[in-house]
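Peer 1: sharing a model that was predicted from the sequence below.
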Amino acid sequence: MTAAPHLAEAPPPTASASLAATLNPRLAPQDVDAERSVLGGVLLTNDALNDVSEILSADDFYRDAHRLIYAAMLALAERREPIDLLTVADELRRRGEFDVAGGAAYLSSLDASVPATANLLHYAQIVRDKAHVRRVVVVAHGIARDGYEQKGDLGTYLDSAESRLLAATEQRNTADDTRPVGAHVKSVFEELEARFNRGSEVTGRTDIESDAVPQ
């Protein structure tokens, strides 16, 4: 049996990527394997980026290294240049991001981490969905923090919470996508209103959190 190739370890997420994690001691919603599979799949099949880029932006990646690599790939595609280990590495160097993105060892490991290039769009959808959930988590925690103070009237508080949650979920593209999020948003508001009316403490990990994040 052939031994599985050794996969270089990605640089840890930095400030922007770990925002949700700083708000919650639990690990932020993510699928690093799916992220690696997307990047590795594009290296193997450049044409796949056409479909992937329709649903996935660089900001959807949890790992900063992955975000930088994907942005470099998009830049190459925009210039109609081939996307391979050498061109991606050169683009990252040009941007001054080569080392932050993991260097040569990490780039070289990406194409070995793709289970099946035929499933590339599915991996991209996983990455996108995790990013949507992270955005809701960040907003829900901000709403919870505001609930500690309970300043102003209930209507103002709920209006602000609603606009922030809608902004976090408006990137979802289809009616089928928005239904589950809408149900979670409704649960959030019911819980917020009940706690506000009771004068109860709204903590950083209340039922709001479990309602906003599908398990």
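Peer 2: Great, that's in hand.

Peer 1: and the pLDDT for residue 115?
Peer 2: Looking at residue 115, its pLDDT reads 85.

Peer 1: I'd say it and residue 37 touch.
Peer 2: Yes - Residue 115 sits in contact with residue 37 when judged by Cβ atoms under 8 Å, with a separation of 6.4 Å. Bear in mind the C-beta positions are built from the backbone N, C-alpha and C, glycine included.

Peer 1: who has more neighbours, the two?
Peer 2: Between residue 115 and residue 37, residue 37 has the larger neighbour count (other Cβ atoms under 10 Å), namely 25 against 13.

Peer 1: contacting residues around that one?
Peer 2: 113-115, 119-120, 123 (Cβ atoms under 8 Å, 6 or more residues apart in numbering).

Peer 1: let's have the residues you listed in JSON lines, adding secondary structure and distance to residue 164.
Peer 2: Supplementary listing: the contacts of residue 37 in JSON lines, determined by DSSP: H, G, I helix; E, B strand; the rest coil; distance: Cβ to Cβ, whole Å:
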{"residue": "113", "secondary structure": "helix", "distance to residue 164": "36"}
{"residue": "114", "secondary structure": "coil", "distance to residue 164": "37"}
{"residue": "115", "secondary structure": "coil", "distance to residue 164": "37"}
{"residue": "119", "secondary structure": "helix", "distance to residue 164": "34"}
{"residue": "120", "secondary structure": "helix", "distance to residue 164": "33"}
{"residue": "123", "secondary structure": "helix", "distance to residue 164": "29"}
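
Peer 1: among these, who's most crowded?
Peer 2: Using other Cβ under 10 Å as the neighbour criterion, residue 123 leads those with 25 neighbours.

Peer 1: model confidence score at it, please.
Peer 2: Looking at residue 123, its pLDDT is 95.

Peer 1: quick check: it vs residue 59, distance?
Peer 2: 17 Å (Cβ to Cβ, to the nearest Å).

Peer 1: again, but for residue 106
Peer 2: Separation of residue 106 from residue 59 (Cβ to Cβ): 20 Å.

Peer 1: three-state assignment of residue 136?
Peer 2: Reducing the assignment at residue 136 to three states with DSSP: H, G, I helix; E, B strand; the rest coil gives helix.

Peer 1: start at 23, not 1
Peer 2: Fine by me, first position is 23 from now on; the one you just mentioned is residue 158.

Peer 1: isn't it up against residue 187?
Peer 2: Yes - assessed by Cβ under 8 Å, residue 158 is found in contact with residue 187 at 7.0 Å.

Peer 1: more neighbours: which of residue 128 and residue 81?
Peer 2: Ranked by neighbour count (other Cβ under 10 Å), residue 128 and residue 81 place residue 128 first, with 19 against 13.

Peer 1: can you pull out the strands in the chain?
Peer 2: All residues of the chain lie outside strands when identified by DSSP state E.
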